[in-house]
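In: Predicted coordinates and the sequence they were generated for:
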Amino acid sequence: MSLIQTRTAPEAWFEATRFLRRECHDNETFDLFIQIAEPTVLSAADRSVYNEVDAFLTSFGGLSLDTVAETIFPNADYIRGGRDAVFETYPERMQRIHEAHPDRQWGCYAMRILRQTDLTGKSFNPLKDLLNKVERRNYKACYELGRGRPLHETEEEGPALDGDIPIYDPATDRKVYRGHLPCLSHVSIKYDKRNDQVRLNATYRAHHYMQRALGNFIGLGRLLFFVAHEAGAGVGPLTINATYAKLDTGSDGRGESSWGYRDIDALLARCESIYATETREMTYV
């Protein structure tokens, strides 16, 4: 088990990627924990590193960082239309896209936290239910996004305390070994009453640190900000547990182009130079 603690998301990506490249056999490891103290802020150096990574990925045919982040949380809709756009506009648009593309994979993380079907066949919004519980400030640890199918509500016990979003759903995912199998397995939200902050912990089945990690960090940070901001609380730390972490080569799996370890080394050298020379004074975004 390895732990990397940083202040911002780009710093976390840089330190973890450098660790995988320089200290891990075959550029991979198990149980890599990342804690980001301020996941929604960037320094001037962070912005430069973000731009370097984004340009690197897109130049090799991969997805942009913002595109990856949007698959976790629809921030563009949130900026344009607030929580109603997140809860209604985005899912309706994605439903139309899924109807045109039967594999139903695009936007699957965000859709799994915004639309699920309970045991009676009724559609519900897991993120909305979770936010309602956070707004009440009654509990520290009953906000879970990923433990399987939702529990029944009973007359004796009332509503279940767990807000349940099956990101990994055995009904559809159990026979898939790679490719379309979700890498994000579970999201846990905690309310820190002492500091009036919302915290987020994400567990990954597998995490590719070139193709996805920084975009995932940004997306998770936006999800954390959404819950905290809409609940009227502060933004706490973001923790990521990669049960398997890999410094990957290649593009987005389409075989159109690829990068190698020499390219990664050159990117890390540029990022290292940025952090050595540019200011780390924080700006809030």
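Out: Cool, the structure landed.

In: ranges for the strands of this protein?
Out: 2-6, 28-36, 41-43, 116-117, 123-124, 143-145, 184-192, 197-204, 207-208, 234-246, 282-284 (DSSP state E).

In: ok, now which ones touch Val49?
Out: The contact partners of Val49, taken as Cβ atoms under 8 Å, 6 or more residues apart in numbering, are Pro10, Glu11, Trp13, Phe14, Cys271, Ile274, Tyr275. Quick note: C-beta positions are derived from backbone N, CA and C, even for glycine.

In: out of everything not next to it in sequence, what's closest to the fourth one?
Out: It stands for Phe14. Cys271 (5.2 Å; Cβ to Cβ, 6 or more residues apart in numbering).

In: now swap in the last one and tell me
Out: Nearest non-adjacent residue to Tyr275, counting by Cβ to Cβ, 6+ apart: Ala45, 5.3 Å away.

In: gap between the one you found and Met210?
Out: According to Cβ to Cβ, to the nearest Å, Ala45 and Met210 sit 20 Å apart.

In: Mind checking which of those two has more residues around it?
Out: Shown here are Ala45 and Met210; by other Cβ atoms under 10 Å, Met210 has more neighbours (25 against 21).

In: ok, back up a step: out of the strands of the chain, nearest to Asp263?
Out: strand 207-208 (15.0 Å; Cβ to Cβ).

In: ok, Arg270 - how many residues close by?
Out: Arg270 has 14 nearby residues by other Cβ under 10 Å.

In: about what we covered before: how about the contacts of Val49, which pair is most distant?
Out: Longest span within those, Cβ to Cβ: Trp13 and Ile274, 12.6 Å.

In: any idea of the pLDDT on Lys128?
Out: The score at Lys128 is 89. That number is its pLDDT.

In: Touching, it and Phe87? I think so.
Out: Yes. Lys128 lies in contact with Phe87 (Cβ atoms under 8 Å); the separation is 5.5 Å.

In: Does His186 touch Leu220 like I think?
Out: No. Judged on Cβ under 8 Å, His186 makes no contact with Leu220 at a distance of 12.0 Å.

In: Find residues that contact each of the two.
Out: Ala202.

In: neighbour-wise, which of these two wins?
Out: Higher neighbour count among His186 and Leu220: Leu220, with 25 against 18, using other Cβ under 10 Å.

In: For the more buried one, which residues are in contact?
Out: Pro39, Ile72, Phe73, Val187, Leu200, Ala202, Leu238, Ile240.

In: Would you check how far apart Lys133 and Asp196 are?
Out: 16 Å.

In: quick one, which of these two is more surrounded?
Out: Each of Lys133 and Asp196 has its neighbours counted (other Cβ under 10 Å); Lys133 has more, 19 against 14.

In: I'd like to know how far the more buried one sits from Leu20.
Out: Distance from Lys133 to Leu20, by Cβ to Cβ: 36 Å.

In: worst-scoring helix or strand of this protein, pLDDT-wise?
Out: Sorting the helices and strands of the chain by mean pLDDT, DSSP states H and E puts helix 170-173 at the bottom, at a mean of 44.

In: Count the neighbours of Leu268 for me.
Out: 16.

In: oh, I was asking about Ile113
Out: 25.

In: Now do it against Asp192, distance only.
Out: From Ile113 to Asp192 the distance is 21 Å (Cβ to Cβ).

In: same check, this time on Ala44
Out: 29 Å.

In: Quick check: bridge partners of Ile36?
Out: Thr6, Leu238 (DSSP bridges).

In: ditto for Ile189
Out: Tyr143, Leu200.

In: residue contacts, the closest residue to His208 other than its chain neighbours?
Out: Once flanking residues are discounted, His208 sits nearest to Asp248: 4.2 Å by Cβ to Cβ, 6+ apart. Listed by Cβ under 8 Å, 6+ apart, the contact set of Asp248 reads His208, Tyr209, Met210, Gln211.

In: got the phi/psi numbers for Asn125?
Out: phi -110, psi 100 (degrees, to the nearest 10).

In: Touching, it and Leu114? I think so.
Out: Yes. Counting by Cβ under 8 Å, Asn125 touches Leu114, with 5.8 Å between them.

In: Looking at these two, which is more packed in?
Out: Leu114 (22 against 18).

In: How much space separates that one from Leu131?
Out: For Leu114 relative to Leu131 (Cβ to Cβ), the value is 11 Å.

In: what do you get for Ala206?
Out: 28 Å.
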